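# below are the sequence and a predicted model for it; my questions follow.
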Amino acid sequence: KARITGMILNDGGIDVDDLHIDIATGMCSEVKNIKGKEIQIERKLRNPIITLFKKIVKSKAGVITVAEAIEGEDIKLEYTIAKRVTGRRINIGKGCQIELVQYSDSVEVSPKATVRTKEQI
């Protein structure tokens, strides 16, 4: 089990059963691959000044970019950019830009997200 809060820069991968990432507003994170059973990525607005600034300029800071893939069982994402997301139950939330979603049971996509291709496997 791992919980990451703030910013992450990782040229390799993260492989853990239960992963929760809270992306800090105002910072951009990057990782090559993420693997696990339960994966949750969300953005937390902790600083009221940054929240106000974000509303004024509509900043895209506070995004995590996954260069290759996210693979897991239950996946819930916000503000994530990825080439491929593969899992059983997938929830693509606001601010996501995903090239390919591969799912076996279910997929939900927010109207505030972009998914190029959905494929049931």
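Noted; the coordinates are in hand. Numbers count the residues shown, from 1 in each chain.
# check which element follows the worst-scoring helix or strand of the chain on mean pLDDT along the chain.
The helix or strand with the lowest mean pLDDT-type score in the chain, counting by mean pLDDT, DSSP states H and E, is helix 48-57 (a mean of 50). Beyond helix 48-57 in the direction of the C-terminus, DSSP states H and E gives the next helix or strand as strand 64-71.
# report all helices and strands that the helix or strand that comes right after that following strand contacts.
Downstream of strand 64-71, the first helix or strand assigned by DSSP H and E is strand 74-77. Packing partners of strand 74-77 (3 or more Cβ pairs under 8 Å, 6 or more residues apart in numbering; DSSP states H and E): strand 38-44, strand 80-92. Where C-beta positions appear, they are placed from N, C-alpha and C, glycine not excepted.
# what is the burial count for residue 112?
As a burial measure, the neighbour count of residue 112 was computed by other Cβ atoms under 10 Å and equals 11.
# tell me the secondary structure for the closest residue to it other than its chain neighbours?
Excluding its sequence neighbours, the residue lying closest to residue 112 (Cβ to Cβ, 6 or more residues apart in numbering) is residue 94, at 3.8 Å. Using DSSP: H, G, I helix; E, B strand; the rest coil, the structure places residue 94 in coil.
# how about the contacts made by the most centrally placed residue in the chain?
Nearest residue to the geometric centre of the chain (Cα atoms, centre = their mean): residue 80, 3.4 Å. Contacts were defined as Cβ atoms under 8 Å, 6 or more residues apart in numbering; by that measure residue 80 touches 41, 63-66, 70, 95-98.
# cool, thanks, signing off.
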